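Enquirer: Next come a sequence and a model predicted from it.
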Amino acid sequence: MSEIELPEADTETQLDEDDRLKPEFVSAVLDAVEAGDTETARALVEPLHPADIADLFELTPREDRAGLAHAVSDLLDGDVFAEMNDYVREDLIDALTPTEVADLASELDTDDAVAIIEDMDEDEQRAVLRALDPDDRAAIEEALSYPEESAGRLMQRELIAVPEHWTVGDAIDYLRGHEELTTDFWEIFVVDPAHKPIGTCQLSWMLRTPRGIAMADVMKREQTLIPVDMDQEEVALRFQKYALISAAVVDNGGRLVGMITVDDIVHIISEEAGEDTLRLAGAGDGDINEPIRLTVRTRMTWLIVNLGTAMIASSIVGLFQGTIATFALLAVLMPIVSGMGGNAGTQTLAVVVRAIATNQLTSSNTRWMVLRELRIAAANGAMLGTLIGIGTFVIFGNRDLSIVIAAAMLINNVTAGLGGVLVPVTLDRMNVDPAVSSAVFVTTLTDTMGFFSFLGLATLWGLHG
């Protein structure tokens, strides 16, 4: 066996200045795996943080992941799987037995265990659940009963709750006397006899309070309660708005059933922001680990829709064939009007979709938003119209053509501003995700209005060559 030259197993060698695994480190690990030197591969991977081990698998070609997993199998614990990309995790989970998956799930908080199991086929899910301990199985089955991307799926059941009549000393003794309690928490929830949360107490407050003081006198009664069926995007907005570290999740009866922590919310905020951007482009999940067949199907769907909208725009051009035939310069200039309108519409659309997603835009300020974007669109349209009008006159020396294209630019920019607000707002009122469908409607609107305004004004003006 040929000897492989490997880097030292330290952080400086493994990671670059942006905390990403260095290409030479990844190559060294895969070379060791390919050479059958599992001991060296394991020695290199062992110092890595679980998130970096997950990154290593994501950077490994799909056909090589099974070999890497075999070489470092004892390092593949639940924390690593919880950090993995969904598609990469599914590939590795498929290679494990239900008992092995159950062992992984039992190591994790409920929310992370659900993330591993929820994407499995129904038969595989049942097999894994049967292999779990009864308590773990009940908790995960309950979580799976909630809608996807809801607080019920996101929450963890492992929390600390104490009755309101306890003293600080009682709570501290309880924490010290029960080893089975969770060790990762920032605050304690205080509940009434019906197990409804009535307040929270940060650990720092308890440590600075005499033992004899009642928990009810230390706790903060104002708290943000998360309904179990609340969408995860709304949950993230509440964490962001109220600067939460953790929050209680309650069922329909107001009883405490779990908690959500800020580390989970960081992932949600990142995912939701990326999803909205990709949906506007019709790119689906946009994950580089997504199977090619699924990516093609997702993108092709929207490309076909865009093909249909392009045919609508071209039909508008067909209405003015006679005008174009008498003045060929119109065919040269009309894409500028529609293209600039499309760019302006995309700018407005991006702002409005973000405002809707972050609850900045509501029914109370929609009218103000429409007027604001109209003023912006009119100002931009007037400036762009003036510039294109001057440029057209300088290049072609035709005053009438310059006036027509300047007016069409103004009209289409105002249309883009109006459509960029009204289309996503209307879709949102119809309970349709504005990030998914808005771009198609706005692009169609600006293309058709761009061609119609430019060619229509040219016809009314009587332009001819």
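Expert: Alright, I've got the coordinates.
Enquirer: Would you mark the buried spots in stretch 36-43?
Expert: Asp37, Thr38, Thr40, Ala41, Arg42 (16 or more other Cβ atoms under 10 Å). Yep, even glycine has a C-beta here, placed from its N, CA and C like the rest.
Enquirer: cool, stretch 169-184 as well?
Expert: For stretch 169-184, using 16+ other Cβ under 10 Å, the buried residues are Asp170, Ala171, Ile172, Leu175.
Enquirer: contact partners of the helix or strand the first one falls within?
Expert: Element membership for Asp170, per DSSP states H and E: helix 168-177. Outside of helix 168-177, the residues that reach it under the criterion Cβ atoms under 8 Å, 6 or more residues apart in numbering are 160, 162, 166, 181, 188, 201, 206, 209-215, 218.
Enquirer: Tell me the one of these nearest Asp136?
Expert: Leu181 (15.9 Å; Cβ to Cβ).
Enquirer: part of a strand, is the closest one?
Expert: No - assigned with DSSP: H, G, I helix; E, B strand; the rest coil, Leu181 falls outside any strand and is coil.
Enquirer: That one reaches Ile160, doesn't it?
Expert: Yes - using Cβ atoms under 8 Å, Leu181 is in contact with Ile160, at 6.4 Å.
Enquirer: Need the pLDDT of Ser363.
Expert: For Ser363, the pLDDT comes out at 87.
Enquirer: SS state for it?
Expert: coil.
Enquirer: shaky segments in the protein?
Expert: Low-confidence segments of the chain (pLDDT under 70): 1-13, 272-288, 465.
Enquirer: ranges for the strands of it?
Expert: 161-163, 187-191, 197-202, 225-227, 246-250, 256-261 (DSSP state E).
Enquirer: out of those strands, which comes closest to Thr446?
Expert: strand 225-227 (39.7 Å).
Enquirer: Which strands or helices does the closest one pack on?
Expert: Packing partners of strand 225-227 (3 or more Cβ pairs under 8 Å, 6 or more residues apart in numbering; DSSP states H and E): strand 246-250.
Enquirer: Distance from the strand it packs on to the middle of the chain?
Expert: Relative to its parent chain, strand 246-250 has a centroid offset of 21 Å by Cα atoms, centre = their mean, to the nearest Å.
Enquirer: do the same with stretch 34-53
Expert: On Cα atoms, centre = their mean, the centre of stretch 34-53 falls 30 Å from the chain's centre.
Enquirer: Could you tell me the end-to-end distance of it?
Expert: 18 Å (Cα to Cα, to the nearest Å).
Enquirer: which residues does the closest residue to Val45 other than its chain neighbours contact?
Expert: Leaving aside its chain neighbours, Val45 sits nearest to Val72 (4.8 Å; criterion: Cβ to Cβ, 6 or more residues apart in numbering). Listed by Cβ under 8 Å, 6+ apart, the contact partners of Val72 are Thr38, Ala41, Arg42, Val45, Glu46, Ile53.
Enquirer: can you give me the angle the helix holding Asp170 makes with strand 187-191?
Expert: 120 degrees (axes from the mean of the first three to the mean of the last three Cα atoms, to 10 degrees).
Enquirer: tilt between helix 168-177 and strand 197-202?
Expert: Helix 168-177 and strand 197-202 are oriented at 80 degrees to each other (the same axes, to 10 degrees).
Enquirer: shift numbering so it begins at 635
Expert: Noted, 635 is the first residue going forward, which turns the last one into helix 802-811.
Enquirer: Apart from its neighbours in sequence, what residue is nearest Val896?
Expert: Ile879 (5.3 Å).
Enquirer: how about Val1004, what does it touch?
Expert: With Cβ under 8 Å, 6+ apart, Val1004 has these contacts: Leu1052, Val1055, Leu1056.
Enquirer: Isn't the second one up against Gly979?
Expert: No - Val1055 is beyond contact range of Gly979, at 9.9 Å (criterion: Cβ under 8 Å).
Enquirer: Show me the domain layout of this structure.
Expert: Here the domain parsing of the chain from automatic domain parsing is 645-782, 795-915, 926-1095.
Enquirer: can you put these in a markdown table and add distance to Met789?
Expert: Converted to a markdown table, the domains of the chain look like this (distance: least, Cβ to Cβ, whole Å):
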| stretch | distance to Met789 |
| --- | --- |
| domain 645-782 | 6 |
| domain 795-915 | 3 |
| domain 926-1095 | 21 |
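Enquirer: nearest to Gly1015, of the strands of the chain?
Expert: Closest to Gly1015 of the strands of the chain, according to Cβ to Cβ: strand 859-861, at 44.3 Å.
Enquirer: Could you pull out the buried residues of that closest one?
Expert: Using 16+ other Cβ under 10 Å as the test for burial, strand 859-861 gives Ile860, Pro861.
Enquirer: Thanks a lot, see you next time.
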